[in-house]
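K.L.:
have a look at this fold, sequence not included:
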């Protein structure tokens, strides 16, 4: 089995909005990143990822970031279907999407 961890991040210079998001959703973490002097809100558990993906299904982004959300949703679906397991005939679908996602211009 290949190991995948799906994560959703929001980065900001000021952590005030991230604290508001954390308090509203009641899951996720906030950490400081000294490499760029900013804060990152992260969700990486299944409950949080399901919530975020459903939220962005209901409230679609009208920016280039929507491509990332769509890719993330597809990867999450494939992982739920266990396509990432070793010897699964669909494993290449997950690997392709992960590679595409990582190489996308941000």
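P.N.:
On my side now, so go ahead. Owing to the predicted nature of the structure, the values given are computational and were not obtained by experimental measurement.
K.L.:
C-alpha from now on. contacts and neighbour counts both.
P.N.:
OK.
K.L.:
the residue of the chain most remote from its centre and residue 6, how far apart?
P.N.:
Distance to the chain centre peaks in the chain at residue 87, reaching 25.1 Å (criterion: Cα atoms, centre = their mean). From residue 87 over to residue 6 the distance is 21 Å, taken as Cα to Cα, to the nearest Å.
K.L.:
check residue 89 too.
P.N.:
21 Å.
K.L.:
next one: residue 59
P.N.:
Taking Cα to Cα, one finds residue 59 at 20 Å from residue 6.
K.L.:
before we move on, what about residue 62?
P.N.:
To residue 6, residue 62 is 22 Å away according to Cα to Cα.
K.L.:
okay, those two: which has more neighbours?
P.N.:
More neighbours surround residue 6 than the other of residue 62 and residue 6, with 15 against 8 (other Cα atoms under 10 Å).
K.L.:
what sits against the more buried one?
P.N.:
44, 45, 49, 72, 76 (Cα atoms under 8 Å, 6 or more residues apart in numbering).
K.L.:
this completes my enquiry, with thanks.
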